[in-house]
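A.B. asks: sequence and computational prediction follow.
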Amino acid sequence: RAITSLEIGMQAPERTAVADTGKGGRILLVDDRQSSYERLASLLAAEHTVDVEPNPTEALFHAAEGNYDLLIVSLDLNNFDGLRLCSQARSLERTRHVPILAIADPENSTRLLRGLEIGVNDYLLRPIDKTELLARARTQIRRRRYTDHLRDNVQNSIEMAITDTLTGLHNRRYMESHLATLAEQAATRGKPLALMILDIDYFKSINDNYGHDAGDDVLREFAVRVRKSIRGIDLACRYGGEEFVIVMPETDLHVAGMVAERLRRSIAGEPFAIHKGTKRIEVTISIGLTTLEQKGEAVTDVLKRADTALYRAKHDGRNRVVS
Ligand code: GH3
Ligand code: MG
Ligand code: MG
Ligand code: MG
């Protein structure tokens, strides 16, 4: 039977409601007693997708890889220690946020207490009542989804606050809040720190000749090339319109000079695609380079020195590195 578009359209609100109530989750059931897991799985299957794994070591692996909403762990396993799984799941980054619902016989209630200390979220005593099992599973899944949602939001807000949206590089605020720390670290560890300001030459005329969108294309591609030529510990930010700053920890003037020169050549040597790749234009940059000079030097002075060097690079004819 063909599914009509009307039916598909009508599924959407229902699915949202399902997510809100904690129904329809993915559950990993860890139990090695067949009569027990068969019953539990069939009860849970009324609302959820259930995988059964008798071996806790395997279960831990699945839990880390499988994107489960809930672990249900029997603490009266025949051959294994379910508590060990609970404690490992709590300490692993990949499984830390997956809720655990423990199940035990009443005579194993001391294990349950131990489980709660380890970080089990909730428990049920046998014999298991269907309504109660489903209600507790739902509650854990709902809470998991809600906290995931909050965590995503927080993560997004942080990223948005520190990222330049056009280029994906860090923004000026982030660089300024980190530069002092990097400078301090360099000073206390007796390591050098290099900083360069990069400015696209005659960028205004790119905008004037080819349009603002073409200018944006250049900025984006420029960021890609910057990212390719720096290390993970280097900090690259968009400092202003077509001005960028790169901070390189543990890098002296000589090495930073080579990096700057390589970057300058990677820009000047390969034309930039604009207008959806239909046209290519030559772009050059000027770079002002300096290093942290003495312990306790104000980062604003370092920036000022780099800016002065940049001014000289422009004055001397652009498309060059000056330190
Ligand atoms: P110089 O070689 O001396 O650096 O010349 P310039 O033209 O690059 O310098 P100027 O500072 O005069 O011009 C920078 C231009 O960058 C002006 C501004 O309109 C443009 N600009 C700033 N932000 C953006 C942006 O996000 N997108 C685009 N397309 N242009 C921008
Ligand atoms: Mg410029
Ligand atoms: Mg300028
Ligand atoms: Mg400028």
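C.D. replies: The structure has been received and is ready for your questions. Ligands and ions are numbered 1, 2, ... in the order given.
A.B. asks: from now on I want contacts and neighbour counts done on CA atoms only, so please keep to that.
C.D. replies: Noted.
A.B. asks: for the closest residue to residue 244 other than its chain neighbours, give me its contacts.
C.D. replies: By the measure of CA to CA, 6 or more residues apart in numbering, the closest residue to residue 244 outside its immediate chain neighbours is residue 238, 4.5 Å from it. Residue 238 makes contact with 164, 167, 169-172, 244-245, according to CA atoms under 8 Å, 6 or more residues apart in numbering.
A.B. asks: please, which helix or strand holds residue 238?
C.D. replies: If you go by DSSP states H and E, residue 238 is part of strand 235-240.
A.B. asks: would you mark the buried spots in that strand?
C.D. replies: Judged by neighbour count using 16 or more other CA atoms under 10 Å, the buried positions of strand 235-240 are 235-239.
A.B. asks: put the alpha carbons of the next helix or strand after that strand into CSV.
C.D. replies: Following strand 235-240 in sequence order, the next helix or strand is strand 243-249 (DSSP H and E). Included here for strand 243-249 are C-alpha records, laid out as CSV according to Å, rounded to 0.1, in the frame of the first residue of the first chain:
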residue,chain,number,x,y,z
GLU,A,243,42.4,41.6,9.0
PHE,A,244,43.4,38.4,10.8
VAL,A,245,45.7,37.6,13.7
ILE,A,246,47.6,34.4,14.2
VAL,A,247,49.2,33.6,17.6
MET,A,248,51.8,30.9,17.6
PRO,A,249,52.9,29.5,21.0
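A.B. asks: where do the strands sit along this protein?
C.D. replies: 26-30, 49-53, 70-74, 100-104, 122-125, 170-171, 193-200, 235-240, 243-249, 272-274, 279-281, 285-291, 321-322 (DSSP state E).
A.B. asks: strand 70-74 and the fourth one, what's the angle between them?
C.D. replies: By that I understand strand 100-104. With axes from the mean of the first three to the mean of the last three CA atoms, to 10 degrees applied, the angle from strand 100-104 to strand 70-74 works out at 20 degrees.
A.B. asks: report the beta-bridge partners for the residue nearest to residue 199 when sequence neighbours are not counted.
C.D. replies: Once flanking residues are discounted, residue 199 sits nearest to residue 243: 4.5 Å by CA to CA, 6+ apart. Beta-bridge pairing of residue 243 under DSSP bridges involves residue 199, residue 240.
A.B. asks: need the contact list for residue 243.
C.D. replies: Residue 243 neighbours (CA under 8 Å, 6+ apart): 197-200.
A.B. asks: out of the buried residues of strand 235-240, which is nearest to residue 282?
C.D. replies: For these, the residue nearest residue 282 by CA to CA is residue 238; the value is 20.7 Å.
A.B. asks: for the residue most central in space within the chain, which residues are in contact?
C.D. replies: With distances taken as CA atoms, centre = their mean, the chain has residue 155 as the residue nearest its mean C-alpha position (7.6 Å). Applying CA under 8 Å, 6+ apart to residue 155 gives no contacts.
A.B. asks: wait, residue 311 touches residue 288, no?
C.D. replies: Yes: between residue 311 and residue 288 there is a contact under CA atoms under 8 Å: 7.4 Å.
A.B. asks: which among the contacts of residue 243 count as buried?
C.D. replies: The buried subset of the contacts of residue 243 - by 16+ other CA under 10 Å - is 197-200.
A.B. asks: could I get those as CSV with pLDDT and distance to residue 37?
C.D. replies: Listed next are the buried ones among the contacts of residue 243 as CSV, based on pLDDT from 0 to 100; distance: CA to CA, whole Å:
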residue, pLDDT, distance to residue 37
197, 98, 63
198, 98, 63
199, 98, 65
200, 98, 65
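A.B. asks: those also near ligand 1: which ones?
C.D. replies: 199-200 (CA under 6 Å from any ligand atom).
A.B. asks: for ligand 1, see how far away residue 185 is.
C.D. replies: The gap separating residue 185 from ligand 1 is 32 Å, by CA to the nearest ligand atom, to the nearest Å.
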